[in-house]
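Visitor: Here's my sequence, what's the structure:
(one chain, ligands or ions: 1)
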Amino acid sequence: MRSQRILLVSLSVLLVSSLLPAAQKPLFTLHEVGKGIWAAISPDRSKAGANAGFVIGDNGVAVIDSFQNVAAAKELLAAIRRRTNLPIRFLVNTHYHLDHMTGNGVFADAGAVIVANRNVRAWARTDNLKFFGPHPTAAEREWVKSLVLPSVTYRSGIALYLGKRELIVRHLPGHTGSDSIIAVPDANVVFTGDLLWGHHLPNLIDASTDKWIETLDTLGRDYPTATFVPGHGRISHRAGLLAFRGYLVALRRDIALGLQQGKSGDALVDAVRPELEREYGTWGFFAYFAKPDILYTAEELEGKKKLPGGRVN
Ligand SMILES: [Zn+2]
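Guide: Predicted coordinates for the structure are as follows:
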């Protein structure tokens, strides 16, 4: 009886949330994580698709990422305008995935110079097609080709200035090969893009988990007390960074063991998934990413993984 009631309650919660009109479902919520530094955190299944943020300096604003939805980007621009009339000087894309750059045009139109690692520009209009499956429609192809690209690129990093306020942008490997973090040293805040997922399983479609673990060590060493704004999931600190590192290490260890036992495909997933679920079953996106994370990482450990730009890991 009790379990029936719990089932009914949870079903009705699901129904109510899926029936809510879009206007009542927030695309994102804003959190001031340092003076003039705002994290836009999007709930799971929000049309915004990812987190973003902005930094207000003395003479302008820098935006970090532009969501996977133009309406969400416009709402972020409106939120900035409610807080300051300073010009939007920069938009930094943390990597090339659709969910972080679809709204680029909104900020370009508002006057921002779009800045990113050079692989964002190289891959955005080609490698994003894979998110539409093996047979993208003509409309989907057109959409990917219309993504607004960064007009300033760098190889390893760049410093941006909003008057006295300094933003240090650093390219770091692991998630796609096009990723950057944006550190605001005067406030001890770091926007990590998808190099960190806050209490969420990551998308490993383009990942090199060996390099990624090294990157997480670099972040832990260089920013030991920072507030991290992740690409997905909750605002985090050192503990969240270490927990996320732990997931990648556990994944690699459990898969290596399964491969040693001659397992592959569904048998490998069946062997590894329950182990992961014990520790990480409460994390966001577990149901969605556990299986692909296992299969992608098995390819990586076997040296067969295809990476963007035609590379193999
Ligand atoms: Zn993302």
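
Visitor: Now do stretch 67-86: everything it contacts.
Guide: If you take C-beta atoms under 8 Å, 6 or more residues apart in numbering as the criterion, stretch 67-86 is touched by 27-28, 30, 38, 40, 42, 46-50, 52, 54, 56-57, 59-61, 63, 66, 88, 98-100, 102-107, 110. C-betas here are computed from N, CA, C, even on glycine.

Visitor: Look at the residue nearest to residue 157 when sequence neighbours are not counted and give its secondary structure.
Guide: Setting aside the residues directly before and after it, residue 157 is nearest to residue 170 in space (C-beta to C-beta, 6 or more residues apart in numbering), at 4.4 Å. Assigned by DSSP: H, G, I helix; E, B strand; the rest coil, the conformation of residue 170 is strand.

Visitor: tell me the contacts of residue 170?
Guide: 156, 157, 180, 181, 183.

Visitor: before we move on, back to that, list the ones among the contacts of stretch 67-86 that fall in strands.
Guide: Judged by DSSP state E, the subset of the contacts of stretch 67-86 located in strands is 30, 38, 40, 52, 54, 56, 61, 63, 88.

Visitor: The second one against residue 31, yeah?
Guide: I take that to be residue 38. Yes - judged on C-beta atoms under 8 Å, residue 38 makes contact with residue 31 at a distance of 6.8 Å.

Visitor: neighbour-wise, which of the two wins?
Guide: Taking other C-beta atoms under 10 Å, residue 38 and residue 31 do not tie; residue 38 has more neighbours (23 against 16).

Visitor: ok now do that one, which residues does it touch?
Guide: By C-beta under 8 Å, 6+ apart, residue 38 lies in contact with 30, 31, 32, 53, 54, 55, 56, 79, 83.

Visitor: ok so the third one is a helix residue?
Guide: No - inclusion of residue 32 in a helix is not indicated when three-state DSSP is applied; the result is strand.

Visitor: count of neighbours near it?
Guide: By the measure other C-beta under 10 Å, the count of residues near residue 32 is 10.

Visitor: out of everything not next to it in sequence, what's closest to it?
Guide: Closest residue in space to residue 32, ignoring its immediate chain neighbours: residue 38 at 5.7 Å, by C-beta to C-beta, 6+ apart.

Visitor: Around the ion, pick out the residues from the stretch 201-313 of the chain.
Guide: residue 231 (C-beta under 5 Å from the ion).

Visitor: Quick one: the helices in the stretch 201-313 of the chain, in order.
Guide: Applying DSSP state H, counting those that start in this stretch to the stretch 201-313 of the chain gives helices spanning 209-222, 238-260, 265-280, 286-301.

Visitor: Quick check: mean pLDDT of the longest strand along the chain?
Guide: Longest strand in the chain, counting residues (DSSP E): strand 189-198. Here strand 189-198 scores 98 as its mean pLDDT.

Visitor: How about stretch 126-135?
Guide: What stretch 126-135 shows for mean pLDDT is 94.

Visitor: Now do it: distance to the chain's middle.
Guide: Centre-to-centre, stretch 126-135 and its host chain are 18 Å apart (C-alpha atoms, centre = their mean, to the nearest Å).

Visitor: What's the end-to-end length of that stretch?
Guide: For stretch 126-135, the first and last residues are 14 Å from each other (C-alpha to C-alpha, to the nearest Å).

Visitor: contacts with the ion among the contacts of stretch 67-86, please.
Guide: Restricting these to those adjacent to the ion (criterion: C-beta under 5 Å from the ion) gives 50, 99.

Visitor: Give me the buried subset of the contacts of stretch 67-86.
Guide: With burial judged by 16 or more other C-beta atoms under 10 Å, the buried subset of the contacts of stretch 67-86 is 27-28, 30, 38, 40, 42, 46, 48-50, 52, 54, 56-57, 60-61, 63, 66, 88, 98-100, 102-107, 110.

Visitor: with the contacts of residue 38 in mind, which one is nearest to the ion?
Guide: Within the contacts of residue 38, proximity to the ion (C-beta to the ion) peaks at residue 53, which comes in at 13.4 Å.

Visitor: Quick check, the closest one in contact with residue 34.
Guide: No - contact criterion C-beta under 8 Å: residue 53 and residue 34 do not qualify, at 10.4 Å.

Visitor: Between those two, which has more neighbouring residues?
Guide: residue 53 (24 against 16).

Visitor: Can you name the residues bridging to the more buried one?
Guide: Here residue 53 shows beta-bridge partners residue 39, residue 64, assigned using DSSP bridges.

Visitor: residues touching it, list them.
Guide: Counted by C-beta under 8 Å, 6+ apart, residue 53 has contacts 33, 37, 38, 39, 40, 63, 64, 65, 191, 229.

Visitor: Most neighbours among these, which one is it?
Guide: Among the contacts of residue 53, the one with the most neighbours (other C-beta under 10 Å) is residue 65, at 35 neighbours.
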